[in-house]
Each structure stands twice: as C-alpha cells, then as structure tokens.
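**Q** Coordinates for the following, if possible.
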Amino acid sequence: MESDTITIESRNDFAQWAIERARAIVAEQGGNLAIAARDMDEKAIATSGNALGAAIAEALLEVFDGLVPEEAE
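**A** Residues are numbered from 1 along each chain as shown. Predicted structure coming up:
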C-alpha cells in the first residue's frame, strides 16, 4: 500500500482520516474474515481476525508516529 502524507490540524481532519483509513482496512482485510466466517473455519477466522487487528493497530501507530509536537513560539 502506498502511503500519502496528510496534515491533521483539527479533530475533523482526524475523523475524516480515520473514516477513510478504516474503509481501506476493511476493504483489504475484511473479505478474508467474511469468507472464513461463512465457511465456519475457526483457524481461518482467527488468522483473518488477527490480520485485521494488526492492520488497525498499524494504522493507529502510523498516525501517532506522525504527530509532531507544537513548538512554543
């Protein structure tokens, strides 16, 4: 996945980023989980669920790593 740099200056900016990122994660990872659940494959459900959770955690760390403290003027 290619990453873009965005500037988050407000809560609204963060909310919009979070919504768009969540949609992308579900599009990438959710299909495997849905298939595993449909097939009632416990091992595949666990694997897919873990991959989905890891993608969410990675996205959160991505934004936290990008936070820049405001400099005192």
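**Q** how about A37, what does it touch?
**A** If a contact means CB atoms under 8 Å, 6 or more residues apart in numbering, then A37 has I45 as its contacts. All C-beta atoms are positioned from the backbone trio N, CA, C, and that covers glycine.
**Q** oh, I was asking about G30
**A** Contacts of G30 (CB under 8 Å, 6+ apart): L52.
**Q** how about it, phi and psi?
**A** G30 has phi and psi values of phi -70, psi -30 when expressed as degrees, to the nearest 10.
**Q** Could you measure from it over to T47?
**A** Remark: distance between G30 and T47 (CB to CB, to the nearest Å) = 14 Å.
**Q** Over to E20?
**A** 26 Å.
**Q** Of those two, which one has the most company?
**A** Shown here are E20 and T47; by other CB atoms under 10 Å, T47 has more neighbours (14 against 11).
**Q** And I6, its phi and psi?
**A** phi -130, psi 160.
**Q** Next, the nearest residue to it once chain neighbours are set aside: phi, psi?
**A** Spatial nearest neighbour of I6, chain neighbours left out: W17 (6.3 Å); criterion: CB to CB, 6 or more residues apart in numbering. Backbone torsions of W17, given as degrees, to the nearest 10, read phi -60, psi -50.
**Q** Contact partners for W17?
**A** If you count contacts by CB under 8 Å, 6+ apart, then W17 has I6, I8, V63 around it.
**Q** Now render these as CSV, adding distance to A57.
**A** Formatted as CSV, those follow (distance: CB to CB, whole Å):
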residue, distance to A57
I6, 19
I8, 19
V63, 11
